[in-house]
Every structure is written in structure tokens, then in C-alpha cells.
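Q: here are the coordinates; sequence isn't available:
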């Protein structure tokens with residue numbers, strides 16, 4: 001009775017907690033599949049190629065970009081990030097949802113292409129909490145953190161363009177909130193194919 005799946009974009013400023021939320025949501029909702037992004041940045045810490053990201057050179061990324069390989073792409077913090085178009089379309093056709101961990105530029109691109117998108121923005125309770133989380137990660141230099149904070153202000157300014165806002169004050173509650181959003185969206189009337197006709201069959 002239902003149409004094919006939809007895209008869920010999960011966005012937040014660096015340090016907002018979206019990666020932790022994403023990991024839990026994927027474990028709770030088998031119908032939600034994660035689209036692993038391509039990036040030109042270096043591997044950090046325990047990250048693994050093909051699991052956290054597909055790590056490729058800038059030359060290879062730009063070649064794929066020119067070939068139309070990406071559904072969306074963005075240049076963020078001096079690196080390229082992109083989403084494989086074929087993976088997204090094939091997953092949707094199978095009736096599953098695609099969760100994309102992309103920034104505000106990527107969300108805008110996907111919406112402009114006319115895809116069925118549910119956009120969720122994750123935000124810490126306040127700016128000081130965001131700043132502290134970035135320092136606590138210990139993955140960036142002070143200069144990089146300052147740049148991320150500058151960029152975060154630009155991203156937060158675009159919050160009004162999103163469908164939902166989740167305040168990540170408690171990780172468990174934030175996860176529950178995102179799961180509930182997805183489940184509610186699955187049951188919107190517009191996601192069914194002629195439900196009245198199907199009912200009277």
C-alpha cells in the first residue's frame with residue numbers, strides 16, 4: 001500500500017551529536033539504511049574506509065563529480081563530501097529509507113532535486129555546550145575548533161529551512177525523538193498509494 005521509501009537528512013553543526021544518534025537509529029529501524037558519504041579528508045582516529053566514509057583523493061572526487069556520480073556534494077572545512085546517487089535511488093526503490101548525514105548545503109541540493117525529504121536538525125541545548133563538546137572530542141586543533149564554531153553559526157542560521165528540530169540535551173531522548181519522527185512520517189496519508197481504494201478491495 002505504501003509508496004517507495006523517503007530520504008531522511010540528519011544535520012547539525014560539528015559536535016551536535018548526529019553521528020551518535022545516527023548509529024542508534026540504524027540499529028532500531030531496519031528499514032532505514034545509511035548512505036555512506038565520500039570525502040577527501042583524512043581518516044580520523046578509529047574511522048574505517050567503507051564504514052564511516054569512502055575516503056578518496058580530491059582528484060578522484062572531482063572526476064566523479066563531473067561524471068554525475070553524486071546526488072549531492074559540498075565543500076566543507078576545506079574538504080569535499082558527496083553522496084552516491086545510485087545507492088540512494090536503488091535503496092528507495094526497494095521500499096527502504098535512506099538516512100544521509102549531510103550538511104545544510106547537501107540538504108538544499110537534495111530538496112531542489114525534488115526528492116521526498118524529511119529534514120531533521122540536531123542542536124545542543126546552547127552554544128557553550130556545543131563549544132565544550134568540540135573541545136572534549138580532542139580531534140581538532142584550537143584553530144580548527146574556532147573555524148568549526150564560526151561555520152556552526154552559519155549553519156544554525158539556516159535552521160528555519162528544516163522540518164524538525166531535535167535538541168540533544170540527553171542522547172537517549174534525542175534518539176527516541178528522531179525514531180518517533182521517522183515512524184510518524186511513515187504513516188502520513190500521502191505516503192500510501194490510494195488507501196481508500198485499497199481498503200474497499
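A: It's in. Worth saying up front: this structure is predicted, and the values here are computed from it rather than measured. Numbers count the residues shown, from 1 in each chain.
Q: Now do the strands in this structure.
A: Listed in chain order, the strands of the chain (DSSP state E) span 7-11, 32-35, 38-39, 54-55, 70-76, 79-84, 97-101, 117-123, 164-167.
Q: Could you list every helix and strand that the helix or strand of the chain with the lowest mean pLDDT packs against?
A: When each helix and strand of the chain is scored by mean pLDDT, DSSP states H and E, helix 104-112 comes last, with a mean of 81. Applying 3 or more CB pairs under 8 Å, 6 or more residues apart in numbering; DSSP states H and E, one finds that helix 104-112 contacts strand 7-11, strand 70-76, strand 117-123. In this view, the C-beta of every residue, glycine as well, is placed from N, C-alpha and C.
Q: winner for burial among the ones you listed?
A: Ranked by mean neighbour count, the helices and strands packed on helix 104-112 are led by strand 7-11 with a mean of 25 (mean count of other CB atoms under 10 Å).
Q: partner strands of that strand, parallel or antiparallel?
A: strand 97-101 (parallel), strand 117-123 (parallel) (DSSP bridges).
Q: Show residues contacting that strand.
A: When contacts are defined by CB atoms under 8 Å, 6 or more residues apart in numbering, strand 7-11 is touched by residues 18, 21-22, 32, 88, 92, 97-104, 106-107, 110, 115-122, 155, 162, 178, 182, 185.
Q: go on, stretch 54-63?
A: With contacts defined as CB under 8 Å, 6+ apart, stretch 54-63 is touched by 36-43, 49, 64, 73, 80, 82.
Q: Dump these to JSON lines, plus distance to residue 13 and pLDDT.
A: What follows is the contacts of stretch 54-63, written out as JSON lines (distance: CB to CB, whole Å; pLDDT from 0 to 100):
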{"residue": "36", "distance to residue 13": "21", "pLDDT": "95"}
{"residue": "37", "distance to residue 13": "17", "pLDDT": "94"}
{"residue": "38", "distance to residue 13": "21", "pLDDT": "96"}
{"residue": "39", "distance to residue 13": "17", "pLDDT": "96"}
{"residue": "40", "distance to residue 13": "21", "pLDDT": "97"}
{"residue": "41", "distance to residue 13": "17", "pLDDT": "94"}
{"residue": "42", "distance to residue 13": "21", "pLDDT": "92"}
{"residue": "43", "distance to residue 13": "22", "pLDDT": "92"}
{"residue": "49", "distance to residue 13": "25", "pLDDT": "95"}
{"residue": "64", "distance to residue 13": "27", "pLDDT": "98"}
{"residue": "73", "distance to residue 13": "19", "pLDDT": "92"}
{"residue": "80", "distance to residue 13": "19", "pLDDT": "95"}
{"residue": "82", "distance to residue 13": "20", "pLDDT": "94"}
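Q: Thanks again, I'm all set now.
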